[in-house]
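Enquirer: any chance you could fold what I've pasted below:
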Amino acid sequence: MQRRITILKAVLVLTVIQFTSQIQAQNLMKIPPYLTKGDTVAIVATARKIEAQHLQPAIDLLKSWGLNVVLGKTIGKENNQLAGADWQRATDFQEMIDDPSIKAVWCAKGGYATVRMIDRVKFDNFKKHPKWIIGFSDATVLHSHINNMDIATIHGIMCVSTLHATSEAKETLRKALFGEKLEYNIEPHEFNKAGKATGELVGGNLSVLYSIVGSESEVDYKGKILFIEDLDEYLYHIDRMMMNLKRNGYFKNVKGIIIGGMTKMNDNDIPWGHDALEIIKDITKDYDIPICFNFPAGHMKDNRALVMGKEITLEVTAKGTKVVFE
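Expert: Modelled structure (predicted):
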């Protein structure tokens, strides 16, 4: 009898510890304050150069939501391909995240080079007073780096994408910024793997994730749900990047995978023999986790907003995929 009581006590203690750990994990992630009408959003260029006139659709969209807009000093700057030197882009970003009147920072354009300025930015004040950082593609560096600080970010359209973005892409960004419920029901795909999982959503552009493996910007993927998407890559390189993530233990440690757009892929004169989705399916086939293909996010007009760092429930069935942000 005494032994049975001791065992029951031990089981109870373990249950309490596990429950407490889950609650702490859920409460650890900081959600920046949601926007309200009258708030101000800053637009900055952390990578490729862009002129102010190309931002008018984004400015009009923000104003239609009752928000004010300020343009960063990098808008209109030029340093070959980039919106100014590394220090100029870092300084502009720094000023916007430190300015208490700015409630969100929206990346103007992607391309490449956010990784060149990220280590120049001091996030001490940002950690105390977080705000929404918005973008995708090259902005994956920001998502990963900031999610590592246990602060959520928004994977959504860039300012330059606004003109051609679908109404759903724009509306889901608005919902994410204003704190409204985000829930997606996606058509089934033949490569989907059924299952249900709950975990923190992380990830972004596959090429960028591959490039920051081993750096301080790399997220710990254990127990999380991984999102990936990419554009304009050779198929053999998709295979190389996926094998890198596999060998680094990503897929055996995550609870689920969401594959967004694999857009405008390239092949060699001698074909690789498989398209991007077939490559991903083959490399992930041995993992007993829910996997969703063709989620509407990435380099496409219908680039739906995702709150990176927030807990989601991913449910994949024969009828389709459901993603609910908790």
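Enquirer: C-alpha only now, for contacts and for neighbours.
Expert: Will do.
Enquirer: and the closest residue in space to His164 that isn't next to it in sequence, how many neighbours?
Expert: Leaving aside its sequence neighbours, His164 sits nearest to Lys301 (CA to CA, 6 or more residues apart in numbering; 6.1 Å). When counting by other CA atoms under 10 Å, one arrives at 19 neighbours for Lys301.
Enquirer: for Lys301, helix, strand, or coil?
Expert: Following DSSP: H, G, I helix; E, B strand; the rest coil, the label given to Lys301 is coil.
Enquirer: got the phi/psi numbers for it?
Expert: phi -70, psi -40 (degrees, to the nearest 10).
Enquirer: against Ser101, how distant is it?
Expert: Lys301 sits 31 Å away from Ser101, going by CA to CA, to the nearest Å.
Enquirer: and Arg120, by the same measure?
Expert: Distance from Arg120 to Ser101, by CA to CA: 22 Å.
Enquirer: of these two, which one has the most company?
Expert: Between Arg120 and Ser101, counting by other CA under 10 Å, Arg120 is the more crowded of the two (15 against 12).
Enquirer: identify the spatial nearest neighbour of that one, chain neighbours not counted.
Expert: Here the residue nearest Arg120, using CA to CA, 6+ apart, is Ala90, at 6.1 Å.
Enquirer: hmm, Ile118 and that neighbour touching each other?
Expert: Yes - with contact defined as CA atoms under 8 Å, Ala90 reaches Ile118; the gap is 6.9 Å.
Enquirer: looking at these two, which has the bigger crowd around it?
Expert: Ranked by neighbour count (other CA under 10 Å), Ala90 and Ile118 place Ala90 first, with 24 against 21.
Enquirer: so which bits of the helix or strand containing the more buried one are buried?
Expert: If you go by DSSP states H and E, Ala90 is part of helix 86-98. Residues of helix 86-98 classed as buried: Asp86, Gln88, Arg89, Ala90, Thr91, Asp92, Phe93, Gln94, Met96, Ile97, Asp98 (neighbour count, 16 or more other CA atoms under 10 Å).
Enquirer: follow-up on the earlier one: for Leu235, see how far away the residue nearest to His164 is.
Expert: 22 Å.
Enquirer: residue ranges with poor pLDDT in this protein?
Expert: Low-confidence regions of the chain, defined by pLDDT under 70, span residues 1-27.
Enquirer: and the strands in it, which stretches?
Expert: 40-44, 68-71, 102-107, 132-135, 153-155, 183-186, 195-205, 225-231, 256-263, 291-292, 306-308, 311-317, 320-325 (DSSP state E).
Enquirer: distance from the chain centre to stretch 291-311, please.
Expert: What separates the centre of stretch 291-311 from the centre of its chain is 8 Å, taken as CA atoms, centre = their mean, to the nearest Å.
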